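Novice: dropping a prediction and its sequence here:
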Amino acid sequence: MKSKLLPLLLGISCLASAQSALQRVITNFAADPDLKYAGVSISVIDAKTGKWVAGHRASQGLAPASSLKVLTTATALAVLGDDYTFRTDLQYDGEIDSDGVLNGNLYLRGSGDPTYGSDQMEDAANLEEAMARLRLALQQRGVRRITGYIIADASCFDTEVSSPTWHWIDMGNYYGAGAWGLNIHENLYHLHFRQTAKVGDTPGIALIEPDMPDLVFNNEVSSAGENTGDNAYIYGAPYTYERYVRGTIPAGRGTFSIKGSMPDAPLFAARYLDQQLRSVGIVSAKGPTTLLELSRKGFKPVVRQTLYTHYSPPLSAIIKRTNIQSVNLYCEAMLRAVGLSRQQEGSANAGMKTTLEFWKNQGVDTKGVFLEDGCGLSAHNAVPSLFLAQVLHKVYNNPKWYQVIDDSLPVAGQSGGLKGMFKGTAAEGRLRAKTGTLDRVRSFTGYAPDSRGRLLAFSIIVSNYTCSGSEVRKKMETVMRAMCE
């Protein structure tokens with residue numbers, strides 16, 4: 001009996017020894033005095049088999065910050081497909097007569113494309129290009145005048161464009177832009193200040209680009225030292241046009257720009273299209289508005305015809321920019337598109353329901369997962385690290401999913417949030433992970449190859465540490481380096 005058990009016991013002992021080096025690093029990390037009052041959840045599993053490798057409090061639900069984007073992008077990929085494209089249609093009701101008069105209304109109908117009119121997304125038509133294509137479509141059809149409205153139709157998604165649990169400090173800024181059924185120019189504007197040379201003075205507002213004349217700013221910004229960077233925040237909510245701007249920008253003699261979120265992206269789209277058409281002599285008698293506003297006045301949908309359709313870049317490309325650049329808007333649009341696809345409801349709630357149902361059906365334990373958005377901006381999200389690691393395990397075992405998600409993750413020492421990390425270590429160029437940052441929250445979720453030739457799927461979430469964010473990040477880097485050594 002002993003002779004038969006000895007090889008087995010030796011095998012277990014060797015395996016435990018091989019695993020213990022990483023586990024010791026994790027245990028020492030969790031015992032760090034700076035984490036005495038912190039929430040710490042770490043899971044490292046074999047990406048292929050899903051078997052446990054190492055970790056700490058793997059089932060503890062914590063706010064994952066932008067690590068949640070891995071979940072949302074993987075869900076969108078699985079539900080919608082890597083070649084899925086969003087479409088934006090130029091439509092009209094009524095008739096176009098022989099004199100070029102559209103006796104009816106013109107519509108710009110969205111399907112939630114977060115890249116429409118973007119100057120940031122590769123292969124997407126920027127704002128001017130997008131508008132030029134709409135103008136050309138009307139001119140080619142011979143339209144010279146419109147008797148009705150120019151209507152922005154965002155009805156594929158509901159009117160709750162941001163999470164009710166997002167913070168007031170976030171919603172007015174570009175990264176807190178809402179996700180409408182019709183998005184444009186990434187739903188952001190640039191607010192340009194005239195810098196002052198004297199510290200403490202208030203820099204004046206020089207320009208809003210693109211122009212939004214209804215926006216009213218209460219400017220409480222002051223000038224700080226010349227190299228202090230952007231510490232200004234715009235406070236405001238969707239559908240409201242009064243904004244407070246607080247904080248500091250650097251002193252200087254030029255201009256300094258920050259980015260804000262549009263109050264109503266569909267209305268801006270209708271107004272901008274109206275301006276562009278007027279520039280070539282195509283005038284709408286009733287002007288720009290939104291389908292939402294008209295519906296409140298009793299407007300009923302009528303049969304439309306399509307003049308032109310714009311298609312977004314494929315979902316695989318959108319996912320890549322989402323995770324490399326950590327674009328909240330893209331995730332929120334994907335979340336709603338997923339809900340629309342599976343629940344016939346373009347809402348965040350439908351998207352979150354679909355997300356949990358999908359991964360549960362894939363065999364992932366969803367207990368203890370509480371979602372409030374798709375991008376991780378809400379501090380009310382609660383996700384165990386083991387859940388995220390298990391999702392990555394499922395992704396790895398579907399080659400089509402894995403190729404897209406792995407290609408979208410920042411690479412250690414090279415790109416995204418990992419660009420300045422892991423230089424000269426075994427992880428450089430090999431470890432891939434989505435980073436996450438909120439106030440007193442840091443997270444990393446991705447893949448790491450170990451010295452035994454395995455690929456590890458991992459997630460590390462830490463909240464309420466007592467050191468600085470940069471210090472806890474360095475401590476977390478030690479854990480991730482150990483995975484690759």
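Specialist: Everything's here; your move.
Novice: rest of the way, CA atoms for contacts and neighbours
Specialist: OK.
Novice: in the sheet, who's paired with Ile45?
Specialist: Counting by DSSP bridges, Ile45 forms beta bridges with Trp52, Ala457.
Novice: my guess is it contacts Val53. True?
Specialist: Yes: the pair formed by Ile45 and Val53 meets the contact definition of Cα atoms under 8 Å, at 4.9 Å.
Novice: these two - which one has more neighbours?
Specialist: A count of neighbours by other Cα atoms under 10 Å puts Ile45 above the other of Ile45 and Val53, at 24 against 20.
Novice: so who does the more buried one touch?
Specialist: Going by Cα atoms under 8 Å, 6 or more residues apart in numbering, Ile45 touches Lys51, Trp52, Val53, Ala54, Ala389, Gln390, His393, Leu456, Ala457, Phe458.
Novice: at 7 Å instead, please
Specialist: Lys51, Trp52, Val53, Ala54, Ala389, Leu456, Ala457, Phe458 (Cα atoms under 7 Å, 6 or more residues apart in numbering).
Novice: quick check: closest non-adjacent residue to the residue most central in space within the chain.
Specialist: In the chain, the residue lying closest to the centroid (Cα atoms, centre = their mean) is Asn328, at 2.2 Å. Excluding its sequence neighbours, the residue lying closest to Asn328 (Cα to Cα, 6 or more residues apart in numbering) is Cys375, at 5.2 Å.
Novice: what's around the one you found, how many residues?
Specialist: Here the count is done by other Cα under 10 Å, and Cys375 has 31 residues near it.
Novice: any idea which helix or strand carries it?
Specialist: Per DSSP states H and E, Cys375 falls between elements, in no helix or strand.
Novice: what score does the nearest residue to Val302 once chain neighbours are set aside have for pLDDT?
Specialist: Leaving aside its chain neighbours, Val302 sits nearest to Asp93 (6.9 Å; criterion: Cα to Cα, 6+ apart). We have a pLDDT of 98 for Asp93.
Novice: what's near enough to touch Asp93?
Specialist: For Asp93, the contact set (Cα under 7 Å, 6+ apart) comprises Gly104, Asn105, Leu106, Val302, Val303, Arg304, Gln305.
Novice: for those residues, give me a markdown table that also has neighbour count and secondary structure.
Specialist: Putting those into a markdown table (neighbours: other Cα atoms under 10 Å; DSSP: H, G, I helix; E, B strand; the rest coil) gives the following:
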| residue | neighbour count | secondary structure |
| --- | --- | --- |
| Gly104 | 19 | coil |
| Asn105 | 21 | coil |
| Leu106 | 28 | strand |
| Val302 | 8 | coil |
| Val303 | 8 | coil |
| Arg304 | 16 | coil |
| Gln305 | 14 | strand |
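Novice: which parts of the stretch 1-150 of the chain are helices?
Specialist: Ranges of helices in the stretch 1-150 of the chain, per DSSP state H, counting those that start in this stretch, are 2-30, 68-80, 127-140.
Novice: mind showing which ranges of this structure have poor pLDDT?
Specialist: Filtered on pLDDT under 70, the chain yields the residue ranges 1-19.
Novice: domains in the chain, by residue range?
Specialist: For the chain, the domain assignment from automatic domain parsing gives the residue ranges 15-82+316-484, 85-313.
Novice: hey, which of those is tucked in deepest?
Specialist: Ranked by mean neighbour count, these are led by domain 15-82+316-484 with a mean of 21 (mean count of other Cα atoms under 10 Å).
Novice: gap between that domain and the chain center?
Specialist: Mean-position distance between domain 15-82+316-484 and its chain equals 14 Å (Cα atoms, centre = their mean, to the nearest Å).
Novice: equivalent analysis for stretch 178-191, please.
Specialist: 12 Å.
Novice: what sits up against it?
Specialist: 109-119, 127, 153-157, 161-162, 174, 177, 207-210, 238, 257-262, 265-266, 269, 329, 332-333.
Novice: that older thread, out of the contacts of Asp93, the closest to Gly247 would be?
Specialist: Using Cα to Cα, Leu106 is the member of the contacts of Asp93 that lies nearest Gly247, at 41.9 Å.
Novice: wait, that closest one touches Thr147, no?
Specialist: No: Leu106 lies out of contact with Thr147 (Cα atoms under 7 Å); the separation is 9.3 Å.
Novice: which residues does Gly50 contact?
Specialist: So Gly50 contacts Gln390, His393 (Cα under 7 Å, 6+ apart).
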